[in-house]
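Enquirer: What follows is a predicted structure for the sequence shown.
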Amino acid sequence: MHKIGDTLGPELIIKAYNTEKDIWGYCVIDNTQRGPGKGGIRMTPSVSEEEVCRLARAMTLKNSLADIPFGGAKSGICCDPKRMTPKEKKEVIQWFARALKPVLISKYIAGPDVNTTEKEMQHFVEAARNRKAATGKPSKLKGLPHELGSTGYGVAIACREALGYKGIDIKGARIAIEGFGNVGTFCFKFLSSWGAVIVAVSDSRGTIFNEKGLKYGDLMKVKRSTGSVSNATGEKLTSNEIFELGVDVLIPAALPDVIGEANVDRVKAKIIVEGANIPIREEYEFRLHKQGVLVIPDFVANAGGVISSYAEHKGMNEKKMFALVEEKITGSVTRLLSELSKEKRTPRDIAYDLALGGLTQFP
Ligand code: NAD
């Protein structure tokens with residue numbers, strides 16, 4: 001079990017139990033020094049209090065590094081939304097909104113995360129009876145939905161900067177992306193539009209590998225018609241094999257803890273850009289650092305979503321939001337890489353100190 005609790009937080013943990021449906025929900029407000037805790041709600045069968053605590057801490061660091069006046073928080077509802085009807089999913093998210101009412105806006109602002117979308121955010125704010133209780137809402141509610149792809153865009157920018165640092169041309173760079181959801185698809189779209197070659201993509205049913213590069217449109221079609229990208233043209237591998245491919249960049253963009261004891265020594269990528277939250281525990285990031293792999297940590301690379309949340313909170317339009325994501329992610333990655341070129345510490349340690357600096361300015 002990861003140690004929870006230090007001088008930063010968590011400040012408050014709310015555990016809610018749905019007596020009717022036998023479902024637990026967790027909201028962890030890690031740190032509010034910079035403002036109300038901001039973090040999405042995930043609905044997965046495996047989410048635990050510990051996972052939500054780790055994710056909430058990543059949000060504290062992310063908002064501080066991106067210099068956004070939000071604190072860090074996160075929520076998880078332990079259930080399997082794939083086995084629910086739309087009506088049941090709506091009831092669960094609205095139950096959770098009512099349970100969190102005492103802390104909404106003042107201490108916590110929700111957003112989408114794994115298995116929650118603009119639709120759930122609409123249901124959430126309806127139950128909370130306040131539009132400011134969540135970001136990532138549909139545009140008819142003056143939202144900037146995460147379906148615009150702000151996170152994937154930011155991850156793609158972090159990837160572009162990391163490639164530049166390693167002296168690899170983005171045109172022709174070979175990239176593998178784990179997960180073909182919100183983050184993975186937009187990452188794919190932006191990187192391929194800049195000339196990168198996406199050679200592998202995975203989802204829960206497997207990995208598809210194609211030396212010549214995969215096509216976005218083909219993958220979307222195959223995913224829609226067969227339910228999995230692994231049925232696209234190419235070599236079919238298992239979901240786990242994506243982490244061991246000899247590519248320039250590996251982008252984990254789905255699950256937590258995907259690189260660990262079992263596969264860390266088999267990673268051949270030159271760069272890992274963490275699109276997902278907490279895809280690699282610190283000790284394994286350290287091992288990768290020793291192996292010469294450049295790892296851009298989650299709270300640096302995937303801050304695009306929360307930067308978009310801030311843009312939505314401030315009433316910005318889509319164009320201004322994308323410009324802000326580019327400016328902030330380029331700024332954070334450049335600061336990190338410039339420090340990295342001077343010292344031997346891991347990128348996470350360096351980024352952590354940069355983020356901490358942003359917290360001490362907010363007593
Ligand atoms: P999503 O629900 O849209 O997509 C998740 C994807 O993961 C799906 O394509 C699913 O098929 C795939 N997946 C599930 N099991 C898998 C497996 N075993 N192997 C490979 N793929 C598998 O979720 P998302 O919004 O894209 O989020 C992905 C990650 O990025 C999460 O860690 C999330 O916390 C993080 N993140 C998301 C955002 C955002 O704005 N969406 C922001 C910051 C961080």
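Expert: Here it is on my side, so go on.
Enquirer: Check the burial of whatever residue of the chain ends up closest to the ligand by counting its neighbours.
Expert: Among the residues of the chain, residue 181 lies closest to the ligand, at 1.7 Å counting by Cβ to the nearest ligand atom. From N, CA and C alone the C-beta is placed, and that goes for glycine too. For residue 181, the tally of surrounding residues (other Cβ atoms under 10 Å) stands at 15.
Enquirer: mind listing the strands for the stretch 1-150 of the chain?
Expert: 12-18, 23-31, 37-38, 41-44, 71-78, 108-109 (DSSP state E, counting those that start in this stretch).
Enquirer: Turn those into JSON lines, including mean neighbour count and distance to residue 95.
Expert: Formatted as JSON lines, these follow (neighbours: other Cβ atoms under 10 Å; distance: least, Cβ to Cβ, whole Å):
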{"stretch": "strand 12-18", "mean neighbour count": "15", "distance to residue 95": "5"}
{"stretch": "strand 23-31", "mean neighbour count": "24", "distance to residue 95": "8"}
{"stretch": "strand 37-38", "mean neighbour count": "31", "distance to residue 95": "20"}
{"stretch": "strand 41-44", "mean neighbour count": "24", "distance to residue 95": "12"}
{"stretch": "strand 71-78", "mean neighbour count": "28", "distance to residue 95": "9"}
{"stretch": "strand 108-109", "mean neighbour count": "24", "distance to residue 95": "16"}
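Enquirer: Could I get these in TSV, plus columns for distance to the ligand?
Expert: Formatted as TSV, those follow (distance: least, Cβ to the nearest ligand atom, whole Å):
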stretch	distance to the ligand
strand 12-18	19
strand 23-31	14
strand 37-38	11
strand 41-44	7
strand 71-78	9
strand 108-109	14
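Enquirer: Just put these in TSV and tack on mean pLDDT.
Expert: Formatted as TSV, the strands of the stretch 1-150 of the chain follow (pLDDT from 0 to 100):
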stretch	mean pLDDT
strand 12-18	98
strand 23-31	98
strand 37-38	97
strand 41-44	97
strand 71-78	98
strand 108-109	98
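Enquirer: so can I have TSV of those showing distance to residue 186?
Expert: Output for the strands of the stretch 1-150 of the chain, formatted as TSV (distance: least, Cβ to Cβ, whole Å):
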stretch	distance to residue 186
strand 12-18	31
strand 23-31	26
strand 37-38	20
strand 41-44	18
strand 71-78	21
strand 108-109	22
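Enquirer: looking at those, which is closest to residue 210?
Expert: With respect to residue 210, and counting by Cβ to Cβ, the nearest of these is strand 41-44 at 29.3 Å.
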